[in-house]
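Chemist: I would like the atomic coordinates for the input below:
(one chain, ligands or ions: 1)
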Amino acid sequence: MPGTFIISLDCEGKWGIADRDNRIESGFITRSALIRAYESLLRVLSVYEASATFAFVMALTLTKNELDDWMPRLTDVHVEGVNWMRNFRRAEAAGYLGGWFCPEAFDLVRDSGLHEIGCHGFRHVPLGNCEVGSEEAGYELRSATELAKRKGVDLKTFVFPRNCVGHLGLLADQGYAGFRNAHPIVGRHGRLGNLAREFNIREVSQDPEPSASGLVSIPGGYFLNWRQGLRRVIPEAVTLMRWRSILIDAVANDRVALLYLHPHNLIDGPGTLELFEGVLRIASQLRESKSLAIVTQAEYCAGFVQGRANSHPRSNGTTQSAQPTPKEASALGSDAPGEAW
Ligand SMILES: [Zn+2]
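Modeler: Residues are numbered from 1 along each chain as shown. Take a look at the predicted model:
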């Protein structure tokens, strides 16, 4: 039984930084820069024949023609007492909405015919139980479903904005098969903790998780280091050794490795695309040896329901280390995995 690798992309444009005034004001996300980022990711995925999940903030996908109907639906919403839409309102007043809408990105993904279109909310409102009440959460989820249906897309999996997982019953009501869970440890030690973890070249993958509210819980995995700010100090070779370890652990123990990234990280993180390609190169070598399956989130959920994951019930522990088999080692070539261990 092969290990599983899932590539999960949080497609959000400016919605993902809607509450971060400095990042919005820096203006680094533009429509043309977003299009280039999606084109680059799709090109690399095509080279390695790897299918990914592109989870869209549905508002990002609105076309000019759709805006008349949908602008009134982009209502203000308060998250922990602050209006999530305040920077959008400023952009609206200024008459410049570049980076808030990029239907071309959605079209590029859909037209490729290779990838899953998942959902990352309607306005990227964090949906943890503490962030918003059920009325607002329900509105966010229903609006995303409605817009996707208008576009002829059947959403199967959900990626929670900011990885704030909540309101699972409402999510199940919308007919999703599963959701990307938050990693049980990563993120609990702040930005410095996350940074330190990037140096862990013995990182491991995750076990399948029990279902929640009738939904498949997709192990949350790890963010691909985004080469920006302090994160630039992490050598590319270290990041690749870390991912080699994660993938080999998935292979050796029939576990799940998930990589997530925001396409806009390519805009202000030079070298991030090359890292992404480096991880895909490792994964495709493992796939060639039949020891790793690269699947979308929806495919993972379908496999889970068919009983593959349930046949290996385990806890959510993440500390188990792995030793590669000779077959896996040879698939990886001479520069690894010995050095990674
Ligand atoms: Zn996001």
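Chemist: Just give me the neighbour total for Asn129.
Modeler: 13 (other Cβ atoms under 10 Å). C-beta coordinates here come from the backbone N, C-alpha and C atoms, glycine included.
Chemist: Report the spatially closest residue to it, excluding sequence-adjacent ones.
Modeler: Of all residues not flanking Asn129 in the chain, Gly166 sits nearest, at 3.8 Å (Cβ to Cβ, 6 or more residues apart in numbering).
Chemist: Now do the one you found against Gly133, distance only.
Modeler: For Gly166, the distance to Gly133 (Cβ to Cβ, to the nearest Å) stands at 10 Å.
Chemist: Looking at the two, which is more packed in?
Modeler: Remark: of Gly166 and Gly133, Gly166 carries more neighbours, 17 against 11, as counted by other Cβ under 10 Å.
Chemist: And the more buried one, its phi and psi?
Modeler: phi -170, psi 180 (degrees, to the nearest 10).
Chemist: list the contacts for it?
Modeler: Counting by Cβ atoms under 8 Å, 6 or more residues apart in numbering, Gly166 touches Leu127, Gly128, Asn129, Cys130, Glu131, Ala137, Phe160.
Chemist: Please apply the same query to Ala212.
Modeler: Contacts of Ala212 by Cβ under 8 Å, 6+ apart are Leu168, Phe179, Asn181.
Chemist: For PyMOL, write a command that selects the buried ones of those.
Modeler: Selecting only the buried entries of those in PyMOL, with 16 or more other Cβ atoms under 10 Å as the criterion:
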select buried, resi 168+179+181
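Chemist: Which of the contacts of Ala212 fall within strands?
Modeler: Phe179 (DSSP state E).
Chemist: now the strands for the stretch 1-150 of the chain?
Modeler: Here the stretch 1-150 of the chain has its strands, by DSSP state E, counting those that start in this stretch, at 3-11, 53-56, 78-79, 82-83, 116-119.
Chemist: before we move on, back to that, kindly supply the PyMOL command isolating those of the contacts of Gly166 that are buried.
Modeler: In PyMOL syntax, the buried subset of these is picked out as below (16+ other Cβ under 10 Å):
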select buried, resi 127+128+131+137+160
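Chemist: Save the contacts of Gly166 as a markdown table, and put in distance to the ion and pLDDT too.
Modeler: As requested, these are exported to a markdown table (distance: Cβ to the ion, whole Å; pLDDT from 0 to 100):
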| residue | distance to the ion | pLDDT |
| --- | --- | --- |
| Leu127 | 11 | 95 |
| Gly128 | 13 | 90 |
| Asn129 | 18 | 81 |
| Cys130 | 17 | 82 |
| Glu131 | 13 | 84 |
| Ala137 | 16 | 96 |
| Phe160 | 8 | 97 |
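Chemist: And the contacts of Gly166, which is closest to Ser40?
Modeler: Relative to Ser40, the closest of these is Phe160; by Cβ to Cβ it sits at 25.6 Å.
Chemist: So that closest one is in contact with Leu170, correct?
Modeler: No - the pair Phe160 / Leu170 is not scored as a contact, 11.9 Å apart, by Cβ atoms under 8 Å.
Chemist: for the stretch 1-150 of the chain, what spans make up the helices?
Modeler: For the stretch 1-150 of the chain, applying DSSP state H, counting those that start in this stretch gives helices covering 21-26, 31-47, 64-70, 86-94, 103-112, 134-150.
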